[in-house]
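*Asks:* Below are the sequence and a predicted model for it; my questions follow.
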Amino acid sequence: DPYARLLLEALKQSGCTVFNDRHFSCENCDGCVSGGFDAATSQIVLCQNNIRQQSHMNRVVTHELIHAFDHCRAHVDWFKNVKHLACSEIRAANLSGDCTLLNEIARFKFGLKGHHQTCVRDRAIRSILAVRKVSKEMAEKAVDEVFDACFNDLEPFGRIPHSKADAKRAYRDFQNRDRYNANL
Amino acid sequence: AGRVRPQPPRSCEDYWEEWKHCRGLRHAFHHYYAHGELPDCGRWREDYEACRAWERDRAAAAQVPGPLLACPGPCRPGLPGQKPRSLGVWKLRKSPPPDWYLPLD
């Protein structure tokens, strides 16, 4: 999958090579959670009882790899700073394909003009509430305060990948990044 | 003698392909869905022309006076090498997390 391939390469370049048996864990999870990133152990958890299609698996892996990438490249205070958590959740919802039009229609959420951003905001709030004991108001405030900065942080893709073709273009750009830096 | 412009980070064919992709219906739809407006694709075409000009300059071994490319390729946010917008939210690490490779208990 080109999304995962780019993220794995970006993680490696940032000094965080991913090893399947160390950094991934397949478990049974409560409720309808699909996965998570455990910053305490630097491990991605995939909820095997709640993922039934390959496309869903691809999206969950991408989503959690984005959290892992943020953990690798930045001092993210996952447990005490709600804004940090909000930022990574915004990025994960934005860049993983969580908020495609088809996925939203499947959730019976309809909208077109700029709806992607509405979806990203809502799913980020939902994710925060799923992992932290904060009020809805606090989650919404945190997301709104960092939304502009974090929605527009497109690392390592450089664009919002709306398809695998977009992800392949992003991967090509990522591989050529040394030429960007040389020009800088 | 003037300064030779640096090599564009993409091949000229890549700029052309990006321009065509940008102008396509599918991308226009996705951009409208994500940003609430239609995309501005003019910069890809400008960069394609600049890339071809660089190739011509190189072929003629010309010392072209003028500014170096201010932005490598298209100046869009989020390109590799540019500072991420989230810098105001968290600080970047200088090295990876020390426990990334530690074995699990």
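*Replies:* That came through, no problem.
*Asks:* and A:Glu140, how many residues sit next to it?
*Replies:* With neighbours defined by other C-beta atoms under 10 Å in any protein chain shown, the count for A:Glu140 comes to 18. Backbone N, C-alpha and C define where each C-beta goes, glycine included.
*Asks:* if I look at it, how far off is B:Pro39?
*Replies:* To B:Pro39, A:Glu140 is 30 Å away according to C-beta to C-beta, to the nearest Å.
*Asks:* With A:His23 instead?
*Replies:* In this view, A:His23 and B:Pro39 are 36 Å apart by C-beta to C-beta.
*Asks:* what does A:Ala142 give?
*Replies:* For A:Ala142, the distance to B:Pro39 - C-beta to C-beta - is 30 Å.
*Asks:* if you count what's nearby, which of the two comes out ahead?
*Replies:* Per other C-beta under 10 Å, whichever of A:Ala142 and B:Pro39 has more neighbours is A:Ala142, with 24 against 17.
*Asks:* Might you report the residue contacts of the residue nearest to A:Glu27 when sequence neighbours are not counted?
*Replies:* Of all residues beyond its chain neighbours, the one nearest A:Glu27 is A:Val45 (5.7 Å), with distances taken as C-beta to C-beta, 6 or more residues apart in numbering or on different chains. Neighbour list for A:Val45: A:25-27, A:29, A:35-38, A:64 [criterion: C-beta atoms under 8 Å, 6 or more residues apart in numbering or on different chains].
*Asks:* what helix or strand is A:Val45 on?
*Replies:* Using DSSP states H and E, A:Val45 sits in strand A:43-47.
*Asks:* Could you give the number of residues near A:Leu6?
*Replies:* Number of residues near A:Leu6 (other C-beta under 10 Å) recorded here: 25.
*Asks:* Quick one: the helices in the chain, in order.
*Replies:* Reading this off chain A. A:2-13, A:20-23, A:54-73, A:82-95, A:101-106, A:115-131, A:136-151, A:164-175, A:177-183 (DSSP state H).
*Asks:* The chain in question should be chain B.
*Replies:* Counting by DSSP H, the helices of chain B are B:12-23, B:25-35, B:42-59.
*Asks:* Among those helices, which comes closest to chain A?
*Replies:* In terms of C-beta to the nearest C-beta, the element of the helices of chain B nearest to chain A is helix B:25-35, at 4.1 Å.
*Asks:* contacts for that closest one?
*Replies:* Outside helix B:25-35, the residues touching it (C-beta under 8 Å, 6+ apart) are A:101, A:112-117, A:160, A:162-163, B:21, B:37-39.
*Asks:* Same question for that helix: list its buried residues.
*Replies:* Using 16 or more other C-beta atoms under 10 Å in any protein chain shown as the test for burial, helix B:25-35 gives B:27, B:30-34.
*Asks:* got the angle between it and helix B:12-23?
*Replies:* In terms of direction (axes from the mean of the first three to the mean of the last three C-alpha atoms, to 10 degrees), helix B:25-35 departs from helix B:12-23 by 70 degrees.
*Asks:* what's across from A:Cys47 in the sheet?
*Replies:* Note on A:Cys47: beta-bridge partners by DSSP bridges are A:Glu27.
*Asks:* Quick check, it in contact with A:Gly35.
*Replies:* Yes: between A:Cys47 and A:Gly35 a contact is recorded at 5.5 Å, counting by C-beta atoms under 8 Å.
*Asks:* okay, and the common contacts of the two?
*Replies:* Shared contacts of A:Cys47 and A:Gly35, counting by C-beta under 8 Å, 6+ apart, come down to A:29, A:60.
*Asks:* remind me which residues of the chain are low pLDDT?
*Replies:* Picking chain A for this. Residues of chain A that meet the criterion pLDDT under 70 lie in A:178-184.
*Asks:* actually chain B
*Replies:* Scanning chain B for pLDDT under 70 picks out B:1-6, B:59-86.
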